[in-house]
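> Pasted the sequence and its predicted model underneath.
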Amino acid sequence: MENFKLTNLFTIKGIAAPSGLLYSQNVLFVISDSSNFLYQYDIAKKLLLKFPLVKDAKENIEKAEKPDLESITQYGNQLIMLGSGSTAKRNTMFSLDLGSDSLQSQDLSTLYKKLKDVGSFSDDQLNIEGAIYAHQTMLLFQRGNSKKSQNGIFIIPNHQEDGIRFVPISLPTLDDIETTFTDAILVNDKIYFLACAENTTSTYEDGEVLGTILGIMHAPTFEIIDVQLLSEHQKFEGITLYKESEIELEFLLCEDNDTEVLEATIYKLTLPKNK
């Protein structure tokens, strides 16, 4: 992967700790790991709207209580947002119908227990950081950033919990620390993923950030076919497709700087199309 370009595109005031984003029709949907709002930013109008996901929604929620929304994906007209599952407070899924604004929530405790059983993870090892829904299958990206944990992908076919599989994935290291998934999206037959190296052995406590890579996988096999270092000091946590042409792809990225400042910087990443 050569000739990539990463630029600071714009800043959104009013969002802290962005953890995922999804672009659709000139609107950028953003989730935060310390908030229970869905943020909707009109890029052309530079207008931010906040959609409460729960009654009495809050921002900068204290760590022990935060919903830790880390994944956002789209299936048809539905926006799907998932908690990481790293504590009992983080097991909720929200789905929003973009046509009717109808919002539903679901407790995923039973599903997440099944994921732990399938992947042989303890309660403090599960950490879902990315989701892709395609072809009647949900892919959940496990961030293996706790002690003795493992990066990998949970495959959930057509909502059938009995058919769940876990595919371990080995990722590159930065400063002798393995990078761990922070988000992923599907573009055609390839999965583009972010992975960060953080000096911590906990899904709960943050550590020194050692950098973020972008990787490309062949979607049918999960074979990693290319990797690029994006930053040696930033923790990119969200990626979404912005524009696609015959020769290049443009993505939008968000960075979690682990502060309470209500300000989110959005970056544009431009790549030549990988043949």
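Received the coordinates, thanks.
> okay, CA-based contacts and neighbour counts for the rest of this
Will do.
> centre of the chain versus stretch 180-190, how much separation?
In terms of Cα atoms, centre = their mean, to the nearest Å, the centre of stretch 180-190 is set 9 Å apart from its chain centre.
> ditto for stretch 21-30
Put simply, stretch 21-30 sits 14 Å off its chain's centre (Cα atoms, centre = their mean).
> Which residues outside that stretch are in contact with it?
With Cα atoms under 8 Å, 6 or more residues apart in numbering as the test, stretch 21-30 has contacts from 18-20, 31, 38-44, 72-73, 238-242, 253-254.
> out of those, which are inside strands?
18-20, 31, 38-42, 72-73, 238-242, 253-254 (DSSP state E).
> Name only those of the residues you listed that count as buried.
Neighbour counting with 16 or more other Cα atoms under 10 Å marks 18-20, 31, 38-41, 72-73, 238-242, 253-254 as buried within the ones in strands among the contacts of stretch 21-30.
> ok now do the residue nearest to Lys50 when sequence neighbours are not counted, which residues does it touch?
Residue nearest to Lys50 in three dimensions, not counting chain neighbours: Tyr39, with 4.7 Å by Cα to Cα, 6 or more residues apart in numbering. Going by Cα under 8 Å, 6+ apart, Tyr39 touches Ile15, Phe29, Val30, Ile31, Leu48, Leu49, Lys50, Phe51.
> who touches Phe121 in this structure?
Leu115, Ser149.
> before we move on, what SS does it have?
coil (DSSP: H, G, I helix; E, B strand; the rest coil).
> so what pLDDT did it get?
On pLDDT, Phe121 comes in at 94.
> same deal with the one 3 residues further on?
Among the per-residue scores, Asp124 shows a pLDDT of 89.
> same deal with Phe51?
So, for Phe51, pLDDT stands at 96.
> same thing with Glu260?
pLDDT for Glu260: 77.
> in the stretch 51-200 of the chain, which spans are strands?
69-75, 78-83, 92-97, 103-107, 128-134, 137-142, 152-157, 165-168, 173-174, 177-178, 180-187, 190-199 (DSSP state E, counting those that start in this stretch).
> angle of the fifth one against strand 190-199?
In terms of direction (axes from the mean of the first three to the mean of the last three Cα atoms, to 10 degrees), strand 128-134 departs from strand 190-199 by 180 degrees.
> Name the residues of strand 128-134 that come out as buried.
Judged by neighbour count (16+ other Cα under 10 Å), strand 128-134 contains these buried residues: Ile128, Glu129, Gly130, Ala131, Ile132, Tyr133.
> would you turn those into TSV with pLDDT and distance to Ala184?
Below are the buried residues of strand 128-134 laid out as TSV (pLDDT from 0 to 100; distance: Cα to Cα, whole Å):
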residue	pLDDT	distance to Ala184
Ile128	97	11
Glu129	97	8
Gly130	98	5
Ala131	98	7
Ile132	98	7
Tyr133	95	11
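> how about the nearest residue to Thr259, chain neighbours excluded?
Ala17 (6.6 Å).
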